[in-house]
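Asks: no letters, just coordinates:
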């Protein structure tokens, strides 16, 4: 199978780095991150040598939080429109959703957006797919939370046909959303997407896992290695990143508080586990500062 440019951008002989947008420290309780800011960050990441930029998909602003006291609503722009704007201001960096909530969207609408983004970006789009986890959204959209597993599988089949350049695969479509793409648009399962590791290995072009300490990943990645057999889907890890200006290494929720040298060592460990790409969710400090520090102190040593 021949994939588009995005697949090759995320996988190289060394581990590659990406960025989740909008940036964590810039998300407020009622304000939206200026679209110009997210586009500027994407262009900066590309210029500094990052390989991917990713956008969240939050259909509705449902308050979320670990405790009642810190629950807040996060207001986000449409991920496909945002990526289209980023595509216009970049030329090499891969652009992806992490993750499109497929059970709340018709797969043919998703396919149309994905195919258009692939054209706009000249083959730099990756479709990350997740199951969603906010009961309020499912109720409002008239969907059943318990149907997510089946909805993902059914939608995946339709998307696979629509995003393929292969006439045989596209034959199952009564009517195609667009003409065929020049190359296969990668479909990545984000989290478990309510599926088994075996299903993901058989059906997805990659798997994006949520952060765990490196030693805690070993067992899960052993299962992944057995499930994928002789195939080589992309293996991606997200990571909350509180990058410090001194030496430290502490676990935080879904990530680490860490200095540059320790981050280099940590990324080498992840690479040795087979992880191709890490998506940073920057926390606490301004994103521009953190990107520059990574470019100067981390990227040259990977």
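Replies: That came through fine. All values derive from a computational prediction rather than experimental measurement.
Asks: the closest residue to residue 1 other than its chain neighbours pairs with what?
Replies: With Cβ to Cβ, 6 or more residues apart in numbering as the criterion, residue 1 has its nearest non-adjacent residue at 5.4 Å, and that residue is residue 184. Quick note: C-beta positions are derived from backbone N, CA and C, even for glycine. Beta-bridge partners recorded for residue 184 (DSSP bridges): residue 3.
Asks: surely residue 184 meets residue 169?
Replies: No: using Cβ atoms under 8 Å, residue 184 is not in contact with residue 169; the gap is 9.2 Å.
Asks: neighbour count: the two, which is higher?
Replies: residue 184 (20 against 15; other Cβ atoms under 10 Å).
Asks: as a quick check, tell me the outermost residue of this structure.
Replies: In the chain, counting by Cα atoms, centre = their mean, residue 174 sits farthest out from the average C-alpha position, at 29.8 Å.
Asks: quick check: that one vs residue 98, distance?
Replies: As judged by Cβ to Cβ, to the nearest Å, residue 174 and residue 98 stand 30 Å apart.
Asks: helices of the chain, start to end?
Replies: 5-10, 35-48, 79-89, 107-120, 135-140, 148-162, 167-170, 197-203, 214-228, 260-272, 287-297 (DSSP state H).
Asks: which other helices and strands does the shortest one contact?
Replies: This means helix 167-170. When contacts are defined as 3 or more Cβ pairs under 8 Å, 6 or more residues apart in numbering; DSSP states H and E, helix 167-170 packs onto helix 148-162.
Asks: buried ones in the helix it packs on, by neighbour count?
Replies: Neighbour counts over helix 148-162 (16 or more other Cβ atoms under 10 Å) mark 148, 149, 151, 152, 155, 156, 158, 159, 160, 161, 162 as buried.
Asks: what does that helix contact?
Replies: For helix 148-162, the external contacting residues (Cβ atoms under 8 Å, 6 or more residues apart in numbering) are 102-103, 107-108, 110-111, 114-115, 127, 129, 131-132, 143, 169-173, 176-177, 187, 193-195, 199, 203.
Asks: try it again at 7 Å.
Replies: Helix 148-162 is contacted from outside by 102-103, 107-108, 110-111, 115, 129, 131-132, 169-170, 172-173, 176-177, 187, 193-195, 203, using Cβ atoms under 7 Å, 6 or more residues apart in numbering.
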